[in-house]
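K.L.:
have a look at this fold, sequence not included:
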């Protein structure tokens, strides 16, 4: 991974991505606390989460396709600037006249820009990593060796990106909590604005335009991505099973609050400690992935998903906060391994010119799973108890991991572009 980070351009993209994700975390925490303080309603907070994370799922692929079709060259910076403006307006509303419908609308717009920028940056990291190894000397290598070098560079870049994401996972919520407590939610949001402006400045010369033959419309580009998924049973199976796993994983969010306060009786501090333990595990998992570049992506994805399910089963059985934090650490490690494995697999199973749209599809899939998982978790707690709810979602995630492991075997080799096949290892192709 150190050799991959020698690229100044890649380092700059990673810094921009980190600034963007930190801003997203700060906004998420500050707005959640502010909405609850103004409304004293958990339903209002749930509406905020759905507006900011689930509704964008329906439009993010179109936004990504639109940016990739543009020849202007500053759209990524424009997305960051849009996030800054939307966040500033929300901060002003909190200072002057709070109106929940306006906050929800702005959160949906801001979430759309954030998810689209994240998808495009993930694709750009992979592209810059490929360009860094596609030197004249590569032509002398056998075709399968060239593919191996390129895939290795992409995995290293994804590993670095995942470390950056995990760092923001640990630091972002903690920083936001301290800022809101010390200076209020509007001040935290204005700091958030600064992070988006920094991100935009770093990406001012990044041009994610993808040239395609034929119709260059957004609709045609979306059809091309959808056609690829339909014609690639390996990829379709991967996305379908992972969607089930994500749905169970996302359903844990509303269960955790009741688990900390009503089951373990550890209050707000214990809840925060559980989240911190999960975040620390995610950082550790990202380092594990970075050190596992020779491992099968299919096996890593299955193992990471199983660790998340195991953590929820651990919550169901945990007699104390210490045991629950240990389970959270295991789940975080699973998260840190699962997500980069998924992204790397999708990139290997997709043509390079579709990477941006496929990353947009992943962001949308995750957001849709949030929309399904949040009410599912709440319903499970309402009809049973936090322990039983965690047992159900844990077993569901574990079953999904078993499905991933069962289909992780050698299958048809898919093309990475129109002419060059992808070199895969045992478990890297998800067969139908």
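P.N.:
Okay, I see it. Given the structure is predicted, the values throughout are model-derived calculations rather than measurements.

K.L.:
so which elements touch whichever strand or helix holds residue 151?
P.N.:
Residue 151 is part of helix 143-183 when elements are defined by DSSP states H and E. Secondary-structure packing of helix 143-183 (3 or more C-beta pairs under 8 Å, 6 or more residues apart in numbering; DSSP states H and E): helix 8-39, helix 100-133, helix 185-202, helix 267-290, helix 321-348. Every residue, glycine included, has its C-beta placed from N, CA and C.

K.L.:
how far does it sit from the chain's center?
P.N.:
10 Å (C-alpha atoms, centre = their mean, to the nearest Å).

K.L.:
ditto for stretch 330-348
P.N.:
Distance, centroid of stretch 330-348 to centroid of chain: 10 Å (C-alpha atoms, centre = their mean).

K.L.:
mean confidence score for it?
P.N.:
Stretch 330-348 shows a mean pLDDT of 86.

K.L.:
tilt between the helix holding residue 151 and helix 100-133?
P.N.:
If you take axes from the mean of the first three to the mean of the last three C-alpha atoms, to 10 degrees, helix 143-183 sits at 150 degrees to helix 100-133.

K.L.:
what angle separates helix 143-183 from helix 321-348?
P.N.:
Relative orientation of helix 143-183 versus helix 321-348 (the same axes, to 10 degrees): 140 degrees.

K.L.:
can you give me the end-to-end span of stretch 340-355?
P.N.:
Stretch 340-355 has an end-to-end distance of 14 Å (C-alpha to C-alpha, to the nearest Å).

K.L.:
residue 247 contacts residue 371, correct?
P.N.:
No. Residue 247 is beyond contact range of residue 371, at 9.5 Å (criterion: C-beta atoms under 8 Å).

K.L.:
how far away is the residue minimising distance to the centre of the chain from residue 24?
P.N.:
Nearest to the mean C-alpha position of the chain, by C-alpha atoms, centre = their mean, lies residue 363 at 6.2 Å. In this view, residue 363 and residue 24 are 12 Å apart by C-beta to C-beta, to the nearest Å.

K.L.:
now swap in residue 170 and tell me
P.N.:
14 Å.

K.L.:
in terms of neighbours, single out the busier of residue 247 and residue 371.
P.N.:
For residue 247 versus residue 371, neighbours defined as other C-beta atoms under 10 Å are more numerous around residue 247 (23 against 18).

K.L.:
how about that one, nearest residue that isn't a chain neighbour?
P.N.:
residue 369 (4.6 Å; C-beta to C-beta, 6 or more residues apart in numbering).

K.L.:
residues contacting residue 158?
P.N.:
122, 125, 126, 340, 343, 344, 347 (C-beta atoms under 8 Å, 6 or more residues apart in numbering).

K.L.:
in a helix, residue 72, correct?
P.N.:
No. Residue 72: not assigned to a helix; according to DSSP: H, G, I helix; E, B strand; the rest coil it is coil.

K.L.:
burial of the residue lying closest to residue 29 once chain neighbours are set aside, as a residue count?
P.N.:
Sequence neighbours aside, residue 176 is the residue nearest to residue 29 in space, at 3.6 Å (criterion: C-beta to C-beta, 6+ apart). Applying other C-beta under 10 Å, we find 26 residues neighbouring residue 176.

K.L.:
cool, the one 5 residues further on as well?
P.N.:
Residue 181: 11 surrounding residues under other C-beta under 10 Å.

K.L.:
change the start of the numbering to 15 and stick with it
P.N.:
Okay, residue one is now 15; in that scheme the one you just asked about reads as residue 195.

K.L.:
what's around residue 237, how many residues?
P.N.:
13.

K.L.:
that one is in what secondary structure piece?
P.N.:
helix 232-245.

K.L.:
ok so, going back, residues contacting the residue nearest to the centre of the chain?
P.N.:
So residue 377 contacts 71, 74, 129, 130, 132, 133 (C-beta under 8 Å, 6+ apart).

K.L.:
compute the number of surrounding residues for residue 78.
P.N.:
Residue 78 is flanked by 30 other residues according to other C-beta under 10 Å.

K.L.:
check what pLDDT it gets.
P.N.:
At residue 78, pLDDT is 82.

K.L.:
which phi and psi does it have?
P.N.:
Per-residue torsions, residue 78: phi -60, psi -50 (degrees, to the nearest 10).

K.L.:
check contacts around the residue lying closest to it once chain neighbours are set aside.
P.N.:
Excluding its sequence neighbours, the residue lying closest to residue 78 (C-beta to C-beta, 6+ apart) is residue 374, at 3.6 Å. Counting by C-beta under 8 Å, 6+ apart, residue 374 makes contact with 74, 75, 77, 78, 79, 129, 130, 133, 134.

K.L.:
please repeat the previous calculation with a cut-off of 7 Å.
P.N.:
74, 75, 78, 130, 133 (C-beta atoms under 7 Å, 6 or more residues apart in numbering).

K.L.:
host element of the residue nearest to the centre of the chain?
P.N.:
Assigned by DSSP H and E, residue 377 falls in helix 369-397.

K.L.:
that's a helix at residue 405, yeah?
P.N.:
Yes. Under three-state DSSP, residue 405 sits within a helix.

K.L.:
hmm, back to that, let me know the closest of the contacts of residue 172 to residue 118.
P.N.:
residue 136 (26.9 Å; C-beta to C-beta).

K.L.:
got a list of what the spatially closest residue to that closest one that is not a sequence neighbour touches?
P.N.:
Of all residues not flanking residue 136 in the chain, residue 373 sits nearest, at 4.5 Å (C-beta to C-beta, 6+ apart). Neighbour list for residue 373: 133, 136, 137, 357 [criterion: C-beta under 7 Å, 6+ apart].

K.L.:
ok, these vs residue 111, which is closest?
P.N.:
For these, the nearest to residue 111 is residue 133 (34.0 Å; C-beta to C-beta).

K.L.:
you'd agree that closest one is up against residue 77?
P.N.:
No. Contact between residue 133 and residue 77 fails when scored by C-beta atoms under 7 Å: they sit 8.7 Å apart.

K.L.:
compare these two (neighbour count), which wins?
P.N.:
Shown here are residue 133 and residue 77; by other C-beta under 10 Å, residue 133 has more neighbours (27 against 21).

K.L.:
what about that one, distance to residue 164?
P.N.:
21 Å.

K.L.:
could you do residue 181 as well?
P.N.:
27 Å.

K.L.:
what sits against the nearest residue to residue 201 once chain neighbours are set aside?
P.N.:
Residue nearest to residue 201 in three dimensions, not counting chain neighbours: residue 193, with 6.3 Å by C-beta to C-beta, 6+ apart. Listed by C-beta under 7 Å, 6+ apart, the contact set of residue 193 reads 201, 202, 205.
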